[in-house]
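In: What follows is a protein structure lacking sequence information:
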């Protein structure tokens, strides 16, 4: 595709007709939240105004939630009015750069913006340059990146090129990719929309007002450049009506937006935390085992088992060990790792919303608690307390350094554990890198180490 499949001068499909479509019944809502592993929002726009039309609400919501926002502008949109008698391509480029910066100052004040200044209408010939620039940003955020890009099937060649690049980068780094339609709302019919892949991001009234104000800053697109032929308005009221919705639509072609960040993490790397190769991880496993009380455990539970290395090490001490992870990929790896250990069961569940029946004399909470929000941590600790046998032990181990993209840290986790579990300290070890505690009956010979 080298030319758009539509003509912006044509009468497009009305917003009322779109909203009456039964396809919306298949659309699931999504949300953008800080503190759940989202390290940053990266938005790629083929032209200035794409970012506001397709993702302005998402940008504003991310900024309000404290999520860093970066916007990559592929072209300056200098070809928007090719027959303008009053503005040269250079003047249009300069004008549209001013407009997009004003719009973004409303959506996400202080966000990072980069202009690549690739030729408008020819992005397909410059995909490698676009991919290099986008890849550098996404690589820094890896699976913690939410990437928004024009929909590959939007009917515009530049949108298709930007979407293709974004899809390749998202696959390489495990980012969650949402593709935003723009011109499809003008020309498409129901059968053109992959409804089962479409997700809706709700916009509250305040966010919608910010988006509308930002869109108004793109004067060259929503107003005529002059009264002369060739300077007509590009985005008329009928087109703009599609972007007054109290939600934005993003197409999740890969299905990864619905995946947890932990599934994306394990899909992107066989051993995402290097638990098999890292000297630190091997030392930590030994310290974890050494911290446990002597003797065997009748029934143990390890949520967040990842690929099963600690699970395999714990198995020698347990008559029965249940380990779970919410990542299907991690569960497959953990089952393979423990296949020869008959006392081990590996299941896929998300704690604390799911919790096993019965009680345990050992519950291992290793490098899992700070991945929860405050309420989730409280729920997990309450479940732990209610399912711990009298005389049982709880092991907590957490990374002490800041965890980018998450709300909690080791100190807050361990403080909450003491407040909620109300157990004596059997063992404690604090290093520059980690905090390790075993809570439960103290050793007979007295104090914690």
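Out: Thanks, I have the structure now. Note that the structure is a prediction, hence the values are computed from the model and not measured. Numbers count the residues shown, from 1 in each chain.

In: By residue count, tell me the biggest strand in the protein.
Out: strand 388-399 (DSSP state E).

In: next SSE after that strand?
Out: Remark: after strand 388-399, the chain's next helix or strand is helix 410-421, criterion DSSP states H and E.

In: helices and strands around that next one, which ones?
Out: In terms of contacts (3 or more CB pairs under 8 Å, 6 or more residues apart in numbering; DSSP states H and E), helix 410-421 is packed against helix 374-387, strand 388-399, strand 434-439. To be clear about C-beta, it is placed using only N, CA and C from the backbone, and glycine gets the same treatment.

In: what does that helix contact?
Out: 365, 369-370, 377-378, 381-382, 384-385, 388, 394, 396, 398-400, 434-435, 437, 439 (CB atoms under 8 Å, 6 or more residues apart in numbering).

In: quick one, strands of the stretch 51-200 of the chain?
Out: All strands of the stretch 51-200 of the chain, identified by DSSP state E, counting those that start in this stretch, fall at 69-75, 112-118, 145-150, 176-180, 198-202.

In: Spit out the contact partners of the spatially closest residue to residue 247 that is not a sequence neighbour.
Out: Taking CB to CB, 6 or more residues apart in numbering, and ignoring the residues beside it in sequence, residue 247 has residue 200 as its nearest neighbour in space, at 4.4 Å. The neighbourhood of residue 200, defined by CB under 8 Å, 6+ apart, consists of 27, 28, 29, 30, 247, 248, 249, 250.

In: Give me the subset of the residues you listed that lies in strands.
Out: 28, 29, 247, 248, 249, 250.

In: in the sheet, who's paired with the first one?
Out: Using DSSP bridges, the bridge partners assigned to residue 28 are residue 199.

In: can you tell me how far it sits from residue 292?
Out: When CB to CB, to the nearest Å is the yardstick, residue 28 and residue 292 sit 43 Å from each other.

In: Show me which of these two is the more surrounded one.
Out: residue 292 (19 against 12; other CB atoms under 10 Å).

In: List the contacts of the more buried one.
Out: 317, 362, 393, 395, 438.

In: What pLDDT is listed against it?
Out: Predicted confidence (pLDDT) at residue 292: the value is 96.

In: going forward, begin numbering at 37 instead of 1
Out: Okay, using 37 as the starting number, the last item reads as residue 328.

In: circling back to that earlier point, output the contacts of residue 236 as TSV; include the columns distance to residue 227 and pLDDT.
Out: As requested, those are exported to TSV (distance: CB to CB, whole Å; pLDDT from 0 to 100):
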residue	distance to residue 227	pLDDT
63	16	95
64	20	92
65	23	93
66	24	90
283	22	98
284	22	98
285	16	98
286	20	98
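
In: Most neighbours among those residues, which one?
Out: residue 284 leads those on contacts (other CB under 10 Å) with 27 neighbours.

In: So that one sits against residue 89, correct?
Out: No. Taking contacts as CB atoms under 8 Å, residue 284 lies outside contact range of residue 89: 9.3 Å.

In: Mutual contacts of those two, please.
Out: In contact with both residue 284 and residue 89: residue 216, using CB under 8 Å, 6+ apart.

In: Low-confidence bits of the stretch 87-236 of the chain, can you list those?
Out: Nowhere does the stretch 87-236 of the chain drop to pLDDT under 70.

In: give me phi/psi at residue 240?
Out: Main-chain dihedrals, residue 240, degrees, to the nearest 10: phi -70, psi 170.
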